[in-house]
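**Q** this one's structure only:
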């Protein structure tokens with residue numbers, strides 16, 4: 001089943017990669033578990049379950065999967081919504097959504113749609129990822145200042161800020177800011193030996209135990225030892241549609257997050273991942289994670305890059321990482337008890353800061369105004385409205401902008417000439433001589449490049465610009481494909497020419513384009529004798545037709 005994926009084992013590198021990424025994952029898993037509202041143990045078991053099964057059944061040898069910032073943000077919103085409406089069954093419904101998201105990912109992989117998941121403009125991806133980063137930061141403001149996260153998500157947190165600030169717990173704020181200080185200013189030369197998150201977690205926890213009253217600081221508490229309990233799926237008929245939508249959002253985000261990370265991994269290992277297999281593996285991992293009440297996950301960039309850089313080359317590193325984390329939970333769970341909540345809030349804020357696409361934000365205004373507008377629009381909609389609305393509108397507007405640009409560019413490739421002196425069409429000298437002999441009575445209609453619906457107006461406009469001709473040559477030599485709208489526009493141009501008692505000659509050597517014209521029954525309008533493979537032949541026949549007409553008029 002997955003034996004071939006373990007053929008590239010670099011035992012030393014894989015072991016070191018597994019241990020190193022486990023150390024990186026530990027503080028993040030704790031932070032995401034607490035931030036989501038499901039608890040630190042849900043974060044740890046999510047890192048274990050998702051990491052293990054995605055490594056075993058995924059399509060990338062070195063991808064590290066675990067709860068991520070974007071997935072945690074959506075998970076937090078789902079959990080808050082379900083618990084608010086159904087306090088008794090909300091938790092079970094939330095993890096049912098996680099299972100449904102996993103099933104959706106498996107479906108995408110089974111239908112081989114992996115390659116299409118990330119086919120969206122970068123400005124949209126940047127916008128919603130940055131928006132998720134902003135959400136993660138905002139949701140951690142109250143925990144950073146010593147209070148539990150208020151209900152109502154982003155708007156609830158922002159509206160309660162004045163009250164939170166008025167009851168500020170300086171001791172917890174100090175611990176949170178100290179955590180952020182270590183994370184931002186920990187020397188880069190040491191980060192390759194020990195992750196800054198672990199340094200911050202251990203250092204600030206120890207300082208909090210030395211200098212602050214244990215009772216005065218909110219702490220994680222002991223994580224229950226032993227395996228997590230199974231959570232039976234629970235679907236509330238009244239909430240079914242909302243649960244499906246939440247699952248689609250969670251599953252889609254997980255797919256995008258994972259496949260983007262897998263591409264980064266490919267660039268480092270020079271090996272290509274299997275997108276569809278990866279989605280099936282991620283889906284299975286998330287279904288199992290939800291079944292055990294653990295957080296969903298996706299491919300994690302930092303863990304994956306670190307894993308590759310220390311020498312990992314096979315899924316063995318991901319398996320070792322999961323086993324290391326399981327050992328911590330089962331044997332040393334009590335060590336997490338004194339960790340302050342403010343420390344985990346600081347780590348989550350740092351993650352949110354890094355999710356922000358600073359690279360694109362800093363140069364978006366230089367690259368494209370429309371791209372910048374889409375990016376900021378999607379980001380604001382993600383933060384204050386809804387992720388689905390943000391992505392849907394972002395993709396729609398981006399596509400409109402792209403289509404408008406393409407239509408302008410493709411319109412330049414639709415050219416109609418009757419004068420041999422015009423240079424718009426790539427004719428040879430001999431072909432120009434023939435066109436000159438026609439004395440303006442041959443309309444040479446030239447199209448090039450892929451022709452989609454946006455150029456249909458250009459075809460009609462160019463065709464109508466010249467009316468006094470006896471022969472129309474429709475040259476599709478350089479057209480690799482046409483769509484239905486263009487086919488109908490060409491049909492109208494041919495019919496108009498025939499209604500005006502003009503002869504029509506068609507150049508269409510491309511087999512795919514010819515088959516499309518046959519499907520649209522456009523080619524049926526042109527007699528077989530008027531179908532040509534070469535421009536010179538078509539022009540020669542057209543000139544002969546014009547000269548014959550002129551002769552008949554003279555002798556009539």
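**A** That came in fine, so what should we check first? Every value quoted in this text rests on a predicted model; they were computed, and no experiment measured them.

**Q** average model confidence for stretch 149-167?
**A** Across stretch 149-167, the average pLDDT comes to 89.

**Q** ok, now how distant is the most centrally placed residue in the chain from residue 259?
**A** In the chain, the centroid-proximal residue (CA atoms, centre = their mean) is residue 118; its distance is 3.7 Å. From residue 118 across to residue 259, the span is 5 Å (CB to CB, to the nearest Å). All C-beta spots, glycine's among them, are computed from the backbone N, C-alpha and C.

**Q** about what we covered before: wait, isn't the residue nearest to the centre of the chain in contact with residue 257?
**A** No. Residue 118 is not in contact with residue 257 according to CB atoms under 8 Å; the separation is 9.9 Å.

**Q** domain assignment for the protein?
**A** 8-402, 413-555 (automatic domain parsing).

**Q** Pick the most deeply packed of those domains.
**A** Sort the domains of the chain by mean neighbour count, taking mean count of other CB atoms under 10 Å, and domain 8-402 sits at the top with a mean of 21.

**Q** Can you give me the end-to-end span of that domain?
**A** End-to-end distance of domain 8-402 (CA to CA, to the nearest Å): 42 Å.

**Q** repeat for stretch 409-427
**A** Criterion CA to CA; first-to-last residue distance in stretch 409-427 is 21 Å.

**Q** What does the pLDDT read for residue 368?
**A** On the pLDDT scale, residue 368 gets 82.

**Q** for the nearest residue to it once chain neighbours are set aside, phi and psi?
**A** Leaving out its chain neighbours, the residue that sits closest to residue 368 by CB to CB, 6 or more residues apart in numbering is residue 123, at 7.9 Å. According to degrees, to the nearest 10, the main-chain angles of residue 123 amount to phi -60, psi -30.

**Q** What of residue 193?
**A** According to degrees, to the nearest 10, residue 193 has phi -100, psi -30.

**Q** how close does it sit to residue 206?
**A** Distance, residue 193 to residue 206, by CB to CB: 19 Å.

**Q** Likewise for residue 319?
**A** Counting by CB to CB - residue 319 and residue 206 are separated by 31 Å.

**Q** do the same with residue 11
**A** 35 Å.

**Q** Residue 434 is in contact with residue 540, correct?
**A** Yes. Residue 540 is within contact range of residue 434, at 6.0 Å (criterion: CB under 8 Å).

**Q** ok, residue 494 to residue 132 distance?
**A** In terms of CB to CB, residue 494 sits 52 Å off from residue 132.

**Q** swap in residue 475?
**A** 50 Å.

**Q** what's the answer for residue 103, then?
**A** Distance from residue 103 to residue 132, by CB to CB: 23 Å.

**Q** and what of residue 38?
**A** The spacing between residue 38 and residue 132, counted by CB to CB, is 18 Å.

**Q** Could you do residue 188 as well?
**A** Distance, residue 188 to residue 132, by CB to CB: 26 Å.

**Q** Next: residue 489.
**A** With CB to CB as the criterion, residue 489 and residue 132 are 43 Å apart.

**Q** before we move on, what about residue 253?
**A** Applying CB to CB to residue 253 and residue 132 gives a distance of 8 Å.

**Q** Check the contact lists of these two and give me the overlap.
**A** Both residue 253 and residue 132 are in contact with 70, 74, 387, where contact means CB atoms under 8 Å, 6 or more residues apart in numbering.

**Q** Format those residues as a markdown table; extra columns: pLDDT.
**A** Shown next, in a markdown table, are those (pLDDT from 0 to 100):
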| residue | pLDDT |
| --- | --- |
| 70 | 92 |
| 74 | 94 |
| 387 | 83 |
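
**Q** Pipe the residues you listed into JSON lines and attach distance to residue 182 and secondary structure per row.
**A** What follows is the shared contacts of residue 253 and residue 132, written out as JSON lines (distance: CB to CB, whole Å; DSSP: H, G, I helix; E, B strand; the rest coil):
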{"residue": "70", "distance to residue 182": "24", "secondary structure": "helix"}
{"residue": "74", "distance to residue 182": "28", "secondary structure": "helix"}
{"residue": "387", "distance to residue 182": "31", "secondary structure": "helix"}
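
**Q** ok, those residues vs residue 175, which is closest?
**A** Distance ranking of these against residue 175, using CB to CB, places residue 70 first at 25.8 Å.

**Q** in terms of contact, does that closest one touch residue 260 like I think?
**A** No. With contacts counted by CB under 8 Å, residue 70 stays clear of residue 260, the gap being 10.5 Å.

**Q** And the contacts of the helix or strand of the chain with the lowest mean pLDDT?
**A** Scoring the helices and strands of the chain by mean pLDDT, DSSP states H and E places helix 456-465 at the bottom, with a mean of 74. Contacts of helix 456-465 with the rest of the structure, by CB under 8 Å, 6+ apart, involve 407, 410-411, 414-416, 445, 447, 485-486, 488-490, 492-493, 496.

**Q** give me that answer again for 7 Å
**A** By CB atoms under 7 Å, 6 or more residues apart in numbering, the residues outside helix 456-465 that reach it are 411, 414, 415, 416, 445, 485, 486, 489, 490, 492, 493, 496.

**Q** Tell me which helix or strand comes right after the strand or helix carrying the third one.
**A** Yep, that's residue 415 we're talking about. Using DSSP states H and E, residue 415 maps to strand 414-417. Under the assignment DSSP H and E, the closest C-terminal helix or strand after strand 414-417 is helix 429-437.

**Q** what's in contact with that following helix?
**A** Contacts for helix 429-437 (CB under 7 Å, 6+ apart): 420, 427, 442, 444, 535, 536, 539, 540, 543.

**Q** Among those residues, which are located in helices?
**A** 535, 536, 539, 540, 543 (DSSP state H).

**Q** need the residues you listed in TSV with distance to residue 525 and pLDDT, can you?
**A** Output for these, formatted as TSV (distance: CB to CB, whole Å; pLDDT from 0 to 100):
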residue	distance to residue 525	pLDDT
535	20	87
536	23	90
539	20	89
540	22	90
543	22	87
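
**Q** Okay, now the unreliable bits of the chain?
**A** 1-5, 420-424, 463-467, 551-556 (pLDDT under 70).

**Q** At which residues are the strands of it located?
**A** 65-66, 298-299, 414-417, 442-448, 471-478, 503-507, 531-532 (DSSP state E).

**Q** Just give the strands next to the first one in its sheet, each with its orientation.
**A** Sheet pairing for strand 65-66, assigned by DSSP bridges, gives strand 298-299 (antiparallel).
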